[in-house]
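Quick one: sequence and predicted model below, then my questions.
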Amino acid sequence: MELQNGRPANTDERLDKEVRVYDFLDKLGIEYQRIDHEAAMTMEACEEIDRTLGDNTAICKNLFLCNRQETDFYLLLMPGDKPFKTKDLSAQIHSARLSFAKPEYMEKYLDITPGSVSVMGLMNDSEKKVQLLIDEDVMKEPYFGCHPCINTSSLKFTTEDLTKKIIPALGHDPITVSLPVPEV
């Protein structure tokens, strides 16, 4: 496993949704690195990938959530080492009864499947159904890591590019939240 600069040389066997991410980043002039790996379904499986991406890279939990009525949808980016408690988030965004959204909504709005959730999926949300939520601690690292809408590759780019170029181009104004740090 090693970091490569930019998109794969050959995209013939890559999924369209992955190639669209590379096209999107290239169009914005974003410099990024990529690592290809086995499917990473959990934070634990991401540990070796995290080491390869390097220190100073925010590796997030990406949670796709909804309200009880399944009318409001949220993509939460939070540090991988923070526990998630719905009550901590619900109060900040004024949405009671948050839960994990069904996979069919994830596919419908973001064109991604469980285990592949990524901020990059918002490029597929043309209806703007999903609200982006970012824990403030994610923005503290100089680099940001995420999947290109599939969980067999990971990307690394600057957090500054995320906030100043990528998120504005996605057209989803984020809400910054502050989730509690676990007590030691």
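Perfect, thanks for sending it. Just so you know, these numbers come straight off a predicted model, no measurement behind them.

Can you show me the CA trace of the longest helix belonging to the chain as CSV?
Secondary structure of the chain per DSSP state H: the longest helix is helix 16-28. Provided in CSV are the C-alpha atoms of helix 16-28 (Å, rounded to 0.1, in the frame of the first residue of the first chain):
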residue,chain,number,x,y,z
ASP,A,16,-18.2,5.6,-12.6
LYS,A,17,-18.9,7.2,-9.3
GLU,A,18,-15.2,6.9,-8.3
VAL,A,19,-14.1,8.4,-11.7
ARG,A,20,-16.5,11.3,-11.2
VAL,A,21,-14.7,12.2,-8.0
TYR,A,22,-11.3,12.3,-9.8
ASP,A,23,-12.9,14.4,-12.5
PHE,A,24,-14.4,16.8,-9.9
LEU,A,25,-11.1,17.2,-8.1
ASP,A,26,-9.1,17.7,-11.3
LYS,A,27,-11.6,20.3,-12.5
LEU,A,28,-11.1,22.3,-9.3
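
distance of the residue nearest to residue 111 when sequence neighbours are not counted from residue 109?
Of all residues not flanking residue 111 in the chain, residue 124 sits nearest, at 4.0 Å (C-beta to C-beta, 6 or more residues apart in numbering). In short, each C-beta sits where N, CA and C put it, glycine included. As for residue 124, its distance to residue 109 is 7 Å (criterion: C-beta to C-beta, to the nearest Å).

on that earlier part again, ok, and what's touching the longest helix of the chain?
With C-beta atoms under 8 Å, 6 or more residues apart in numbering as the test, helix 16-28 has contacts from 6-8, 11, 32, 111-112, 120, 123-124, 148-150, 153, 155, 157, 161, 165-166, 169.
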